[in-house]
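In: here's my sequence, what's the structure:
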Amino acid sequence: MNVAVRALKRKKAAADPADLLAWYDRHRRVLPWRARGRAKADPYAVWLSEIMLQQTTVKTVGPYYAKFLTRWPTVQALAAAPLDDVLRAWAGLGYYARARNLHACARAVVERHGGVFPRELEALRALPGIGEYTAAAVGAIAFDLPAVPVDGNVERVVTRLFAIEEAMPAAKPEIKRLAASLLPQHRSGDFAQSLMDLGATICSPKKPACALCPWNEPCMARARGDQETFPRKAPKREGKERYGAAFVALRADGCVLLRQRPEKGLLGAMTEVPGSDWAHDFDLQTALGAAPLKAKWRKLAGNVTHVFTHFPLRLTVYLAELPRGTKAPKGARWAKVSGLAGEALPTVMRKVLAHALD
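Out: Coordinates of the predicted model:
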């Protein structure tokens, strides 16, 4: 082993959690769900914010969190709420399966644990919608359990600190092991939040402020000068584009035809405009076969496009105007166009309606 490598190895071993905690005490972010001073964290607030923050920014979550907490200030209140109300309030935060799991988890906490979040990691993981990360976050932040939640910010900090060459997502087990090795004996919750804050404010994806970092010296990637290249990423495979048709039926009394998607699957239980299946080989010539009722359907110019996590979607939109009193087919209902803002419509369906109604 040459001198340079030995030096890097010494740096690698020198990351001191006390240095990070001292930085956190001076520079911690003020967040609506974060306990201040010596106050104890509210498990409900921690859990609610962590579910909302999954693949969503702090800036976006803030208003949603405030709205949820005002409307449902306790886990008991959320558990008692109709699922449709929760889905409507969630609209815009993406991944509606999380809203369904949020509601199911609240009910489980009430039914299984008397409305009190359990203080054990295993019991937290057994709740609906709570995986390894969320259990660690709630356990550490709310109960100071010895756990390190590893999100994207923490992955970036750890891969740079230890210069982990393995590409994501294969590197995740090693990242979790190394993150756990940094855990101090005390202040698990503060340590978890300090890692998150470091990644969010200093150890940013591009142009990290290394000069301000409390772990500047032990960071192996900084010593090498290639910190922006971490974490390593495997080549991304783009999902194959899917196609389909959407049918906007307008009734003379100002109503539009809507229906509910299946409980399970993409956009589960959300409200939608009737349409065809979405497929790679969708045949536009047979599109009218998926129309919800007989009418003079007019194909609109242009398309509606939307990008989901795993694939892009392109929809052809058809419009029909129907007389007052037309009955809704089985599984569908008429809703006032003026009341669409209150419907649990995903973004792609709002795009469809905007395309047809503008």
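
In: run a quick neighbour tally on residue 23.
Out: 18 (other CB atoms under 10 Å). For the C-beta atoms, the positions are set from N, CA and C on the backbone; glycine is no exception.

In: who are the neighbours in contact with it?
Out: By CB atoms under 8 Å, 6 or more residues apart in numbering, residue 23 lies in contact with 194, 198, 214.

In: same thing with residue 65?
Out: Applying CB under 8 Å, 6+ apart to residue 65 gives the contacts 32, 33, 48, 49, 52.

In: kindly reformat the residues you listed as TSV containing pLDDT and distance to residue 69.
Out: Converted to TSV, those look like this (pLDDT from 0 to 100; distance: CB to CB, whole Å):
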residue	pLDDT	distance to residue 69
32	93	8
33	93	8
48	97	7
49	96	9
52	95	11
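
In: only the buried subset of the residues you listed, as a ChimeraX command please.
Out: The buried residues among these can be selected in ChimeraX (16 or more other CB atoms under 10 Å) with this line:
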select :33,48,49,52
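
In: okay, and which of the contacts of residue 65 map to helices?
Out: Residues of the contacts of residue 65 located in helices (DSSP state H): 48, 49, 52.

In: show the pLDDT at residue 344.
Out: pLDDT, residue 344: 88.

In: tell me the SS of it?
Out: coil (DSSP: H, G, I helix; E, B strand; the rest coil).

In: repeat for the one 5 residues further on
Out: Following three-state DSSP, the label given to residue 349 is helix.

In: surely it and residue 271 touch.
Out: Yes - counting by CB atoms under 8 Å, residue 349 does reach residue 271; the two are 7.1 Å apart.

In: more crowded one of those two?
Out: For residue 349 and residue 271, the more surrounded residue by other CB under 10 Å is residue 349, and the numbers stand at 25 against 21.

In: helices of the stretch 51-200 of the chain, start to end?
Out: With helices called from DSSP state H, counting those that start in this stretch, the stretch 51-200 of the chain shows them at 58-71, 75-80, 83-90, 96-113, 121-125, 132-143, 152-161, 172-181, 188-201.

In: just send those back as a markdown table, with mean pLDDT and distance to residue 234 too.
Out: Below are those laid out as a markdown table (pLDDT from 0 to 100; distance: least, CB to CB, whole Å):
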| stretch | mean pLDDT | distance to residue 234 |
| --- | --- | --- |
| helix 58-71 | 95 | 27 |
| helix 75-80 | 98 | 38 |
| helix 83-90 | 92 | 31 |
| helix 96-113 | 94 | 25 |
| helix 121-125 | 97 | 27 |
| helix 132-143 | 96 | 20 |
| helix 152-161 | 96 | 13 |
| helix 172-181 | 96 | 12 |
| helix 188-201 | 96 | 21 |
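
In: which of those sits closest to residue 339?
Out: Residue 339 lies closest to helix 83-90 among those, at 11.2 Å (CB to CB).

In: what about the helices of the stretch 51-200 of the chain, which gets the closest to residue 264?
Out: Using CB to CB, those put helix 96-113 closest to residue 264, at 8.7 Å.

In: packing partners for that closest one?
Out: When contacts are defined as 3 or more CB pairs under 8 Å, 6 or more residues apart in numbering; DSSP states H and E, helix 96-113 packs onto helix 43-53, helix 75-80, helix 83-90.

In: dump the C-alpha coordinates for it into CSV.
Out: Output in CSV follows, covering the C-alpha atoms of helix 96-113 (Å, rounded to 0.1, in the frame of the first residue of the first chain):
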residue,chain,number,x,y,z
TYR,A,96,-51.1,8.0,-4.6
ALA,A,97,-50.3,4.6,-3.2
ARG,A,98,-48.5,6.5,-0.4
ALA,A,99,-51.7,8.3,0.5
ARG,A,100,-53.5,5.0,0.7
ASN,A,101,-50.8,3.6,2.8
LEU,A,102,-50.7,6.7,4.9
HIS,A,103,-54.4,6.3,5.7
ALA,A,104,-54.0,2.5,6.3
CYS,A,105,-51.1,3.1,8.6
ALA,A,106,-53.0,5.6,10.7
ARG,A,107,-55.8,3.1,11.1
ALA,A,108,-53.3,0.4,12.0
VAL,A,109,-51.7,2.6,14.7
VAL,A,110,-55.2,3.3,16.2
GLU,A,111,-56.4,-0.3,15.9
ARG,A,112,-53.2,-2.2,16.9
HIS,A,113,-51.5,0.3,19.2
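
In: ok, back up a step: highest neighbour count among the contacts of residue 23?
Out: Busiest of the contacts of residue 23 [other CB under 10 Å] is residue 198, holding 25 neighbours.

In: name all residues that make contact with that residue.
Out: By CB under 8 Å, 6+ apart, the contact set of residue 198 is 20, 23, 24, 153, 157, 213, 214, 215.
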